[in-house]
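> here are the coordinates; sequence isn't available:
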């Protein structure tokens, strides 16, 4: 699996951005795809996740009502505030049959993109 993020940039508070995750190699496999963010010196934080074969989408409490998946794996981010400033990554792992709701735990994910920077100021 190869992942390439794009769409980051600088916006003012209250603004919007759409992050894209170009994923190759997933095919029709059962896969969890998540968006994560990290500020330098801090732990990587799960933002949103979905199962490529259906099931509910999952969002961190800090972004509920503001971030949503759109057009596949894209992450639509509205109402951005300075606390959303971070490097954003998409990541995947092959989901066993027991998983229908994907986790937001970074350690569960195996393949990672290079990230795209989001700055809100």
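Good, I have the coordinates. All figures in this text were calculated on a predicted structure; none of them were measured in a lab.
> State the number of residues packed around the closest residue to residue 25 other than its chain neighbours.
The shortest distance from residue 25 to any non-neighbouring residue, by CB to CB, 6 or more residues apart in numbering, is to residue 1 (4.0 Å). Glycine gets a C-beta too; all of them are placed from N, C-alpha and C. Close neighbours of residue 1, defined as other CB atoms under 10 Å, add up to 18.
> show me the contacts for residue 1.
Applying CB atoms under 8 Å, 6 or more residues apart in numbering, we find residue 1 in contact with 23-26, 31, 92, 111.
> Please repeat the previous calculation with a cut-off of 7 Å.
Counting by CB atoms under 7 Å, 6 or more residues apart in numbering, residue 1 makes contact with 23, 25-26, 92, 111.
> between these, which is closest to residue 72?
Nearest to residue 72 among the contacts of residue 1, counting by CB to CB, is residue 23 at 8.6 Å.
> Quick check: which element contains that closest one?
strand 17-24 (DSSP states H and E).
> For that strand, enumerate its sheet partners and note whether each is parallel or antiparallel.
If you go by DSSP bridges, strand 17-24 pairs up with strand 2-6 (antiparallel), strand 74-77 (antiparallel).
> Which residues does the longest one contact?
Same thing as strand 2-6. 19-25, 88-92, 111-116.
> Just the buried subset of those, please.
Burial by neighbour count, 16 or more other CB atoms under 10 Å: within these this picks out 19-21, 23, 88-92, 111-113, 115-116.
> Dump those residues to TSV, plus pLDDT and distance to residue 71.
Shown next, in TSV, are those (pLDDT from 0 to 100; distance: CB to CB, whole Å):
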residue	pLDDT	distance to residue 71
19	98	11
20	97	8
21	95	11
23	91	13
88	98	17
89	98	19
90	97	14
91	97	19
92	95	17
111	96	21
112	97	21
113	97	17
115	97	20
116	98	16
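> now, which of these lie within strands?
Mapping the buried ones among the contacts of strand 2-6 onto strands (DSSP state E) picks out 19-21, 23, 88-92, 111-112, 116.
> All the strands of the chain, in order from the start?
2-6, 9-11, 17-24, 31-38, 45-51, 58-59, 67-70, 74-77, 86-94, 111-112, 116-120.
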